[in-house]
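J.: 3D, please:
(one chain, ligands or ions: 1)
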Amino acid sequence: MNISERQIEAGEAVVSLERDTAIARIRAALEGAGEDRCIVCDEPINPARRAAIPSAERCIGCQTQFEKERL
Ligand SMILES: [Zn+2]
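T.: From the prediction side, this is the model:
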């Protein structure tokens, strides 16, 4: 059975997309290093917290306060 060119192209597109996504993620992680400051108090965010929650914008104290106020 032959695989059509279309199927090959589709497969390559997926691989390319995944690779681009992975590269973008690594680049963002590298560029983000050292800029992980809380948007509220401008204190550095704990690296362990940052690793656990890459999208974290607040330090633990401000996040806790934020969640309390939101409830
Ligand atoms: Zn903070």
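J.: hey, let's count contacts and neighbours off CA atoms from now on
T.: OK.
J.: angles on the backbone of Pro44, please.
T.: Pro44 adopts backbone torsions of phi -60, psi 140, taken as degrees, to the nearest 10.
J.: what sits against it?
T.: Glu35, Asp36, Arg37, Cys38, Cys59 (CA atoms under 8 Å, 6 or more residues apart in numbering).
J.: can I have the buried ones of those as a PyMOL selection?
T.: In PyMOL, a selection of the buried entries from the contacts of Pro44 looks like this (16 or more other CA atoms under 10 Å):
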select buried, resi 36+37+38+59
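J.: from the contacts of Pro44, which one has the minimum pLDDT?
T.: Of all the contacts of Pro44, Glu35 has the smallest pLDDT value, namely 62.
J.: which parts of this structure are helices?
T.: Assigned by DSSP state H, the chain shows helices spanning 5-32, 47-52, 60-70.
J.: please report how far the residue nearest to the spatial centre of the chain lies from the ion.
T.: Note on the chain: the residue nearest the mean C-alpha position is Pro54, at 5.2 Å, using CA atoms, centre = their mean. According to CA to the ion, to the nearest Å, Pro54 stands 16 Å off from the ion.
J.: for the protein, which element, helix or strand, carries the lowest mean pLDDT?
T.: The helix or strand of the chain with the poorest confidence is helix 5-32; it has a mean of 79 (mean pLDDT, DSSP states H and E).
J.: quick one: stretch 6-24 to chain centroid distance?
T.: With CA atoms, centre = their mean, to the nearest Å as the basis, stretch 6-24 stands 19 Å off its chain's centre.
J.: ditto for stretch 38-47
T.: A distance of 17 Å separates the centroid of the chain from that of stretch 38-47, by CA atoms, centre = their mean.
J.: can you tell me if that stretch touches the ion.
T.: Yes: against the ion, stretch 38-47 shows contacts by CA under 5 Å from the ion at Cys38, Val40, Cys41.
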